[in-house]
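Trainee: Curious how this folds, go ahead:
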Amino acid sequence: MADHYTLPEDTVWTEVAPGNRRAVLSHRPEMMLVAFSFEPSAIGALHSHPHTQVSYVAEGAFDVTVDGVTKRLDAGSSFIVAPNLVHGVVALEKGLLIDTFTPRREDFL
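Mentor: Sure, this is the predicted structure:
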């Protein structure tokens with residue numbers, strides 16, 4: 001990864017769970033951009049972390065749960081998660097989420 005640019009051929013995907021993988025696209029200590037790819041019915045398990053997260057549904061459709069409330073989101077939608085709120089997703093079809101975290105998720109590096 002160059003200091004300022006990330007090219008598709010340099011992207012490294014890591015399997016997170018069955019049908020779910022992630023790629024760290026860019027990061028600095030104060031911010032991180034991550035792609036999450038989902039196969040149909042794949043689950044992003046309920047979890048929490050101390051980071052603020054903003055997610056953009058780039059492809060597909062998801063049932064998104066934030067703080068006990070579930071909403072169906074399609075491509076072009078987004079959601080935000082405050083620090084320490086429990087959240088997760090279920091892919092209703094093949095999909096792609098683009099997530100921003102602040103500060104960066106050191107556990108993803």
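Trainee: CA atoms for contacts and neighbours, from now on please.
Mentor: Will do.
Trainee: which intervals of this protein have sub-threshold pLDDT?
Mentor: 1-2 (pLDDT under 70).
Trainee: Does D63 lie in a helix or a strand, and which?
Mentor: Taking DSSP states H and E as the definition, one finds D63 inside strand 61-66.
Trainee: same question, V57
Mentor: Using DSSP H and E, V57 maps to strand 52-59.
Trainee: Can you tell me how far E39 is from E59?
Mentor: To E59, E39 is 11 Å away according to Cα to Cα, to the nearest Å.
Trainee: Find residues that contact each of those two.
Mentor: Listed as contacting both E39 and E59 by Cα atoms under 8 Å, 6 or more residues apart in numbering are K94, G95.
Trainee: residues in contact with T100?
Mentor: M31, M32, L33, V34, Q53, V54, S55.
Trainee: measure the third one to P103 for me?
Mentor: Think L33. 10 Å.
Trainee: which residues touch V66?
Mentor: V81, L85, V86, H87, G88.
Trainee: P50 is in contact with the third one, correct?
Mentor: No. Look at V86 against P50 with Cα atoms under 8 Å: they stay out of range, at 10.5 Å.
Trainee: Looking at the two, which is more packed in?
Mentor: V86 (17 against 13; other Cα atoms under 10 Å).
Trainee: For that one, which residues are in contact?
Mentor: L46, H47, S48, V66, D67, G68.
Trainee: buried sites along stretch 101-109?
Mentor: Burial within stretch 101-109, assessed by neighbour count using 16 or more other Cα atoms under 10 Å, is assigned to F101, T102, P103, R104, R105.
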